[in-house]
Every structure is written in C-alpha cells, then in structure tokens.
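Chemist: Okay, sequence plus prediction incoming.
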Amino acid sequence: MSDRRSVRLSGLWMVGLLVACVAAHGGERKPDVHYVPTSPEVVAEMLKMAGVGTHDVVYDLGCGDGRIVITAVEKFGARKGVGIDIDPQRIKESIENARRATVGERVTFLRQDLFDTDFSDATVVSLYLLPELNLRLRPALFRQLRPGDRIVSHDFDMDEWEPDKTVEVPGSNGDGGGTAYYWMLPGTAAGTWQWKLPGAEGEQAYRLRLRQRFQTVTGTLEIDGKEQPVSDAKLLGDRLTFDLVREAKEEKARMTFAGRIVGNALRGRVESKNWPPVGKRDWTAERDPVNLVGAWRWTVDETPATLRIQSRDGRRYAGLTVGQQRISVPQFYVWGSGVYFLVDRDGRKTYEGVVEGDRIVGTVGGDGEAGQAWTAEREAKAAGKGSGQTKREKA
C-alpha cells in the first residue's frame, strides 16, 4: 500500500470512527465516512474503466457533491444517473450542481442509507467507501446487480474479490490522485455441465466440472470417460471461455470453447485445431440441476456444524450453527451449483464448494492458508421439508 493511500485510509478511518461514535449516542443517522471529493481525473478514469455509455444507469453510493453521476451523464452520455447520500447538505449541493450542468432531468439524488437502497436498475455502481463498508455492501451488489454489470471504486478494494483492473491515477494541481478499481459482476459457472459433440469416431459425451471463486474459474473436462484439467478459463460477466489442450506429434491439439451462460444452459461456439473434426461449430451444454436449499452438516474441531440455506424472493440466504453457537453468514454467495461463504469464528475461514448430489464438496481455509478438503452432508430430514419442495431445485 502506498504512503498516500495509507494516509488517506487512516484519515477516513478516524473520521468514520468518530461519526460512528456520535451516531451511537443518539440523533439521526450520520454518514459512515466524512466526505472527501474524488478528483476529476479519477472520476474520468473510473467512468472510462466502466465503459459508461448511452445505455447505462450509473449509481454513486455515497455521492457527495454529485460529481460522478453528473459527469457520467454530461460527459459520457449515460442514460441516467442516481446519487445516494445520507447527508442532506450533500444532496442539496448535488441538486444545485446538476442544475448548473443542465442535466437535472437525467439525474436524481436521494437522501438514503446506501445499505437500504434499491439500486437494482443500475448497470454501473461507483463507490468511495472504507474497506469494511465495501465488504459489508458486497453481498447486496451480488444480489441486486446482474452478470456483466460493472463496479468501480476509488482507493479501496473488495477484500479477497480481486479487481479485474487497477489503475493508478496521477494527481494534478496539488491533488493526490488515487487508485481506481474495476470489477465486472461474474456469472454463475460452478457445477457439472454435460453435452455431446461429433468426434472422429462418432458422437462423444462431454462432462465439464467447474469450481468458482468470484470471477476465477477452475475445472476439468471429461470426454468419453477421459478427464483432464481445462486451461485459460475466463469468466467475464455471463461469458465463459476455456481451452482443452492435448499434446500431438507435431503440434498441440486444442479445442477452444466460448459460450454464454443463461440459467442452466451454456450456448456458444467451439473451435478445434488439430483435433478432429477440425473447424468451428455450435455447442450447447446443460448444467445438472441441484437442490441447495436445506441443512448441510459437518464437524469443526469435532464440534457439529450445520449450514442452513433458505430461498426467499428468488435469493439464497444462510445461517450457521456450530455446537450451540449461532453465527450469521452475511458473506454468502451462490454461483450456479457452487457456494462460497466467510465465517468469522476464531479467525476468518473461507468455505467454497460445489453441490454433488447430497454433498457439498470443496475446501476450507483461513486467510493466507492453503485450503483443506471440506465435505458437508445434507441432513436427510431436510429434503422436501418446510418449503414443500420435493423435486430438486434448479441452481
């Protein structure tokens, strides 16, 4: 971390702590951080990284004087801009700035708590918050946005969710510049996908098994019972690409798959080089349906643990019990047939796995630790109970 960013983080941390203490003693809800304006250079870089254009709806959560959404509409042609801030003075200032820029009809400023805000119509979300606030907001970003939507942040990242792009923006006229981070919300690739394609000796069966951590995807591809790792797997929004490479006598044989994930279907094109039949053709894969809802059990240091996954309003939520202790799991994510969640108990642990029948198979590890094998078994009585579901729920 640079000295400039360290100083800025320390300053915002101190102000944020002071504001939190004042709010704790009563009175109306106060801002989580003191307003520090983002320089025009950083604003422009963030909007450029996000590729803001005429079809975009840009939200700035903690909008300050409104400069980001105003610039998005005025300079980048965004269809709509919405600024959210809990400070009435900032909202008043933003409205006046929009009036001066003559973009008042295409921007809206709302005095709201950003953690209670519905920003589900956004295609781009901008942030300039403290690291712990970014982390707290992260589950809402995944619940409300869609694969391919973009997120940009000034100076502060998203913890273990690595940015797709980072740019250091130099300052000018005495301004310190800053760091701009960019993410594209990933689609849901985890699970087992199956399809068939013609081969040199007739139709062949393919089975792709994928694991996912945010936009990072790993896995294996099995063809007629022969399995090997895929390479160069990339997940950009709902677009998935990966290669299968085999050594040949003169040149490597390669199959390059590219497709779009729509629900439990993956449709696209495959190109074969030195791999019969050579050429390009369409392909469609279907993901094996799984039932995530229910209770899943394992042991933690010989203590029974139960993860209960529920479905409400089309979204998944989870709670954890270890022994007699109930632990909230706000950082819980579902990617197709995969689950990923963080548990703060005697240090933070990261759980990741894929549902395979009545088991979740994956890894668990602490920060900086190599992941250890982890398996959870479905509680038998949970199947079809409570929700009234007797069939497997599609991921």
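Modeler: On my side now, so go ahead.

Chemist: Got the confidence number for the residue lying closest to V262 once chain neighbours are set aside?
Modeler: Spatial nearest neighbour of V262, chain neighbours left out: D238 (7.2 Å); criterion: CB to CB, 6 or more residues apart in numbering. C-betas here are computed from N, CA, C, even on glycine. Here the pLDDT value assigned to D238 is 98.

Chemist: now the strands for the stretch 151-300 of the chain?
Modeler: Assigned by DSSP state E, counting those that start in this stretch, the strands in the stretch 151-300 of the chain fall at 165-169, 178-184, 191-199, 202-213, 216-223, 226-229, 231-236, 239-246, 253-262, 265-273, 279-287, 294-300.

Chemist: again with the stretch 1-150 of the chain
Modeler: 57-61, 80-85, 107-111, 124-127, 150-154.

Chemist: Mean neighbour count and distance to Q215 added to these, as TSV?
Modeler: Shown next, in TSV, are those (neighbours: other CB atoms under 10 Å; distance: least, CB to CB, whole Å):
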stretch	mean neighbour count	distance to Q215
strand 57-61	27	21
strand 80-85	25	26
strand 107-111	19	30
strand 124-127	26	16
strand 150-154	25	12
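
Chemist: got CSV for those, with mean pLDDT and distance to W335 too?
Modeler: As requested, the strands of the stretch 1-150 of the chain are exported to CSV (pLDDT from 0 to 100; distance: least, CB to CB, whole Å):
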stretch, mean pLDDT, distance to W335
strand 57-61, 98, 23
strand 80-85, 98, 27
strand 107-111, 98, 31
strand 124-127, 98, 19
strand 150-154, 98, 17
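
Chemist: could those strands go into CSV alongside distance to G353?
Modeler: Output for the strands of the stretch 1-150 of the chain, formatted as CSV (distance: least, CB to CB, whole Å):
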stretch, distance to G353
strand 57-61, 31
strand 80-85, 35
strand 107-111, 39
strand 124-127, 28
strand 150-154, 25
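
Chemist: Nearest to V361 among these would be which one?
Modeler: strand 150-154 (30.1 Å; CB to CB).

Chemist: For G148, see how far away the residue nearest to V262 is.
Modeler: 6 Å (CB to CB, to the nearest Å).

Chemist: can you list residues touching both of these two?
Modeler: Residues touching both D238 and G148 (CB atoms under 8 Å, 6 or more residues apart in numbering) are G187.

Chemist: And the two? Which one has more around it.
Modeler: D238 (19 against 15; other CB atoms under 10 Å).

Chemist: R260 contacts G268, correct?
Modeler: Yes - using CB atoms under 8 Å, R260 is in contact with G268, at 6.0 Å.

Chemist: Common neighbours of those two, please.
Modeler: With CB under 8 Å, 6+ apart, R260 and G268 have common neighbours L240.

Chemist: buried residues in the host helix or strand of T321?
Modeler: Using DSSP states H and E, T321 sits in strand 315-322. Residues of strand 315-322 classed as buried by neighbour count (16 or more other CB atoms under 10 Å): R316, Y317, A318, L320, V322.

Chemist: swap in stretch 180-194?
Modeler: By neighbour count on 16+ other CB under 10 Å, the buried set for stretch 180-194 is 180-193.

Chemist: now for those, which pair is the farthest apart?
Modeler: Within the buried residues of stretch 180-194, A180 and T192 form the most distant pair, 37.5 Å apart (CB to CB).

Chemist: where in this protein is pLDDT low?
Modeler: By pLDDT under 70, the weakly predicted segments of the chain are 1-29, 173-174, 248-249, 381-395.

Chemist: how does it divide into domains?
Modeler: Per automatic domain parsing, the domain ranges recorded for the chain read 3-184, 191-287, 294-382.

Chemist: Pick the most buried one from those.
Modeler: Highest mean neighbour count of the domains of the chain: domain 3-184, a mean of 18 (counted as mean count of other CB atoms under 10 Å).

Chemist: follow-up on the earlier one: partner strands of the helix or strand just after the strand holding T321, parallel or antiparallel?
Modeler: The helix or strand immediately downstream of strand 315-322 is strand 325-328, counting by DSSP H and E. According to DSSP bridges, strand 325-328 has the following sheet partners: strand 315-322 (antiparallel).
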